[in-house]
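# starting from these lines, generate the structure:
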Amino acid sequence: HKYVPRECRRDGRPFHLFRLLLLYHEPELCAFLDTKRISPDRYLQHWLRSLFVATCSLDVVQAMWDVYLLEADPFLIFFLALVTLVNAKEVLMDGRDTSRTELIDSMKSIPCQLEKDDIDDFCLLAQHYAARTPQSFRMDYHAPLFGPGKPSAIHGPISQALCLPVGLIDLVTSVRRQTAASEDSVGYFVLDCRPAEQFVKGHLRGAHHLNSVLMLQDLAQFHDAVSQLQATHKERGGSEHWCFISSGVEEDDQYMNMVVAHFLQRYVLYVSIARGGYSTLMSQMSSRIQDCLECDGDGPATIVVPEEASAAEESHATSATQAEAGAAQPAGSFMGRFFGAVRGKSTDLRDRLYQSMQDPDASPSAAARHVSHHDRSSRPYRDLEPLFSIGGDEEADDAAGDGGGGAGSRSASESDTEAAARRPTVNMDTFCHRSDVSHCFKCSEMKPDGYMVPAQLILTQTRLYILRELPDRAGWAQLHSQHPLISIVKITSKKKYPELITLRFGTVEKIVSSQRFLIPRAKNATEAIKASIMKELEKADTSP
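Below is the predicted model of the structure:
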């Protein structure tokens, strides 16, 4: 066995896994540390790399290692670290006014307080937390972190995972055995987030329905539905873990992830997502799960399988099936996240974007020409649909060229915390009353991880500024990004949800990035942005 996980370095995979475990068991503490921009690699490196030798006395380490090695569970170190933080939660939460550096230093020294007599209880608590965690994460991470040879790949952007994923085999096994949650086991309160007509025809036995699109269609009705489900959950003992499942198709999963983010923002314990959804479940396990299905009408249960399923999900499901048969090399996929991963932007595309912004009159061979208002009635780009559009269905929210939430010129490889530290802070009232500002639109921005954050769109004659409000400073915001108006090549909305607007940035040839907003009175905002863009294009067309 190997007991020291690989990649114990900054932004390494062990620290992304630990954050998911912390979010699962202590979402409030996790959110507090996220707000302070304290990622696990800031305090956890010495704990994991030295197995607590760097922070604990020799007698404490010897007693801890006796349990650790006898258990022969390499993941126990993660739960020992988790218990360390949980025990210090009150002290950490009281440090809201403490500087980030001081808080990190104090967190690093927490294990120093352990004494030899504490170790038995300390390890029992860690084992308790380990037993109360879905075990499928072990298959996903054992080979990459502890397996022999070169590290195995984990499919999917781990650092962007919305919450802890649950393998379908774990979920089906729990349903089949009708496992109830106990002090040392996991039972699931399954929330099926598909449309009602699909749920009625067939679903996992005992699943409860929560139509995720209600969050956009009727917020009051959505809150009523969630309250009823929470009451039912409490009546069943309140110990079952929340597991969300959708169709497995990306568009449906986006709405489900909005609901998951809603639960996480309210610090609900034990929130997870069934990886792959029903499309993977039926494509890989349909012949083995008929006893786990039921319907709300007469006749046999029928799972409505969407026509388009992600190839990545099918790939992971194949790995999951092999794991059930005893395969030695598990693979993981954190599918069903809101909007997927932020894709990288090539240097070539950025250079071309800059050139098109700075020299709009350049020849087509020198730089990509931006769409002109004269092009609206013609089709100068054969076999391409007009890129600039207001309204209508979004036909490809996450196409290959879509950045999925990046800010135009910013590198997608930068971490959110590093980028946030460099962004300027502004007073919103002062910024909105600048002489060059024509419109201010209060809205909510949907981040790639599914969270909705209060924001404002600030429109000037030449630029669009995006401000994210600071939760701990009323009236202040971070200048998250700014875009020249001529870089906005497409504005789209869902016909069913016209207030959900997507802005896409780039050139006619390539969309480089996008950002999504929930805007009250969205028509006013899009019309104002469109009018300003047209004025800019007219200036570009008439300039010498």
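
# got any ranges where this protein has weak pLDDT?
Within the chain, the ranges that satisfy pLDDT under 70 run 1, 149-160, 179-185, 306-421, 449-451, 495-497, 543-544.

# in it, which helix is the longest?
What stands out as the longest helix in the chain, according to DSSP state H, is helix 522-542.

# which parts of the stretch 51-200 of the chain are helices?
For the stretch 51-200 of the chain, applying DSSP state H, counting those that start in this stretch gives helices covering 58-71, 76-87, 89-93, 100-108, 119-131, 136-146, 168-177, 196-201.

# from the chain's centroid, how far away is the longest one?
Between the mean C-alpha point of helix 58-71 and the mean C-alpha point of its chain there is a distance of 36 Å (CA atoms, centre = their mean, to the nearest Å).

# again, but for the fifth one
The gap between the average C-alpha position of helix 119-131 and the chain average comes to 29 Å, counting by CA atoms, centre = their mean.

# helices and strands around it, which ones?
In terms of contacts (3 or more CB pairs under 8 Å, 6 or more residues apart in numbering; DSSP states H and E), helix 119-131 is packed against helix 58-71, helix 76-87. (C-beta placed from N, C-alpha, C; glycine too.)

# now the ones you listed in CSV, with mean neighbour count and distance to residue 105?
Output for these, formatted as CSV (neighbours: other CB atoms under 10 Å; distance: least, CB to CB, whole Å):
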stretch, mean neighbour count, distance to residue 105
helix 58-71, 16, 20
helix 76-87, 22, 15
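
# same list (these) but as TSV, adding distance to residue 28.
Converted to TSV, these look like this (distance: least, CB to CB, whole Å):
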stretch	distance to residue 28
helix 58-71	27
helix 76-87	11
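
# out of those helices, which gets nearest to residue 32?
In terms of CB to CB, the element of those nearest to residue 32 is helix 76-87, at 10.8 Å.

# how far off helix 119-131 does the closest one point, in degrees?
Calculated by axes from the mean of the first three to the mean of the last three CA atoms, to 10 degrees, helix 76-87 forms an angle of 100 degrees with helix 119-131.

# what about residue 97, neighbour count?
Neighbourhood size, residue 97 [other CB atoms under 10 Å]: 6.

# next, count neighbours for residue 134.
With other CB under 10 Å as criterion, residue 134 counts 20.

# backbone dihedrals for it, please?
phi -50, psi 130 (degrees, to the nearest 10).

# distance of the residue lying closest to it once chain neighbours are set aside from residue 463?
Spatially, and ignoring its direct neighbours in sequence, residue 134 is nearest to residue 166 (4.7 Å; CB to CB, 6 or more residues apart in numbering). Residue 166 is 44 Å from residue 463, where distance means CB to CB, to the nearest Å.

# looking at those two, which one has more neighbours?
Taking other CB under 10 Å, residue 166 and residue 463 do not tie; residue 166 has more neighbours (24 against 17).

# so who does that one touch?
Counting by CB atoms under 8 Å, 6 or more residues apart in numbering, residue 166 touches 134, 136, 188, 243, 272, 273, 274, 275.

# which two of those residues have the greatest separation?
With CB to CB as the measure, no two of the contacts of residue 166 lie farther apart than 188 and 275, at 13.2 Å.

# residue 452: which of the helices and strands packed on helix 119-131 is closest?
Using CB to CB, the nearest of the helices and strands packed on helix 119-131 to residue 452 is helix 76-87, at 26.8 Å.

# and stretch 287-295, how far apart are its ends?
17 Å (CA to CA, to the nearest Å).

# got a list of contacts for that stretch?
Defining contact as CB under 8 Å, 6+ apart, one finds that stretch 287-295 is touched by 172, 175-176, 200-206, 281, 301-303.

# now tabulate those in TSV and tack on neighbour count and distance to residue 2.
Below are these laid out as TSV (neighbours: other CB atoms under 10 Å; distance: CB to CB, whole Å):
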residue	neighbour count	distance to residue 2
172	20	31
175	21	34
176	14	33
200	15	49
201	17	47
202	19	43
203	24	41
204	25	36
205	15	39
206	16	39
281	28	33
301	18	44
302	12	46
303	20	40
